[in-house]
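**Student:** structural data only, the sequence is not supplied:
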């Protein structure tokens, strides 16, 4: 388990590889690597993708916090955010929106996608911070995700036993066991997709 509010990069990498050995820390890959432990919840009624007013933003936030509280978020949670670069080297200029919603995050690691194909080579710069879990502590982050201003965001407990990936339209959750997934899925069944794939 990570015991500090400022996780050491190597310790976090070791913990990730222990808990999620089949998947790099790319949120969009989780459901394909752990399909039997994955569930997706939609953040608005009728599977509406984007909120258009404050009432709808309120619904989005309420659903996110409801599931996170059910998962047992707190007293500290890890928040992982991402930037994309053409090179593995970090530059001092951060993406403004990511820096606004995660100002205390520090660089965790670089994940290079398709490193053998220069045309499609993408460097994912992952940042992490540990936040005290309080009401509305990640409102700015979740609103930015809902507006498609950020992607590849994850919230997790310090031991990484579960992963919560909010996206523009809902959230993917990956749990330690199929049974826990099924229980959570049943509890919030009204927020599931009608599509057979669960997407």
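**Tutor:** Here it is on my side, so go on. Keep in mind it's a predicted model, so treat the numbers as computed, not measured.

**Student:** who touches residue 26 in this structure?
**Tutor:** Applying C-beta atoms under 8 Å, 6 or more residues apart in numbering, we find residue 26 in contact with 111, 113, 124, 152. Quick note: C-beta positions are derived from backbone N, CA and C, even for glycine.

**Student:** neighbours around the nearest residue to residue 22 once chain neighbours are set aside, how many?
**Tutor:** Closest residue in space to residue 22, ignoring its immediate chain neighbours: residue 33 at 4.7 Å, by C-beta to C-beta, 6 or more residues apart in numbering. Neighbourhood size, residue 33 [other C-beta atoms under 10 Å]: 15.

**Student:** with residue 96 instead?
**Tutor:** Burial of residue 96 is recorded as 8 neighbouring residues (other C-beta under 10 Å).

**Student:** same question for residue 125.
**Tutor:** Neighbour tally, residue 125, other C-beta under 10 Å: 22.

**Student:** is it true that it lies in a helix?
**Tutor:** No: checked against DSSP: H, G, I helix; E, B strand; the rest coil, residue 125 lies outside a helix; its state is strand.

**Student:** look up how far residue 56 lies from it.
**Tutor:** Using C-beta to C-beta, to the nearest Å, residue 125 is found at 31 Å from residue 56.

**Student:** re the thing from before, wait, the residue nearest to residue 22 touches residue 23, no?
**Tutor:** Yes: using C-beta atoms under 8 Å, residue 33 is in contact with residue 23, at 3.9 Å.

**Student:** what is in contact with the two at once?
**Tutor:** Overlap of the contact sets of residue 33 and residue 23 (by C-beta under 8 Å, 6+ apart) is empty.

**Student:** hmm, residue 23 and residue 29 touching each other?
**Tutor:** Yes: taking contacts as C-beta under 8 Å, residue 29 lies within contact range of residue 23: 5.3 Å.

**Student:** picking up where we left off before, quick one: which of the contacts of residue 26 is nearest residue 137?
**Tutor:** Distance to residue 137 across the contacts of residue 26 (C-beta to C-beta) is lowest for residue 152, with 19.7 Å.

**Student:** nearest residue to residue 15 other than its sequence neighbours?
**Tutor:** residue 160 (5.5 Å).

**Student:** next: residue 39.
**Tutor:** With C-beta to C-beta, 6+ apart as the criterion, residue 39 has its nearest non-adjacent residue at 4.6 Å, and that residue is residue 185.

**Student:** could I get the phi/psi values of the one you found?
**Tutor:** Main-chain dihedrals, residue 185, degrees, to the nearest 10: phi -60, psi -40.

**Student:** that one contacts residue 192, correct?
**Tutor:** Yes: between residue 185 and residue 192 there is a contact under C-beta under 8 Å: 6.9 Å.

**Student:** mind listing the helices for this protein?
**Tutor:** Here the chain has its helices, by DSSP state H, at 9-19, 30-33, 54-71, 96-101, 139-146, 178-187.

**Student:** now do the buried residues in the second one.
**Tutor:** Neighbour-count burial for helix 30-33, counted by 16 or more other C-beta atoms under 10 Å, picks out 30-31.

**Student:** do the longest one as well
**Tutor:** Within helix 54-71, the residues that qualify as buried are 56-57, 60-61, 63-65, 67-68, 71, counting by 16+ other C-beta under 10 Å.
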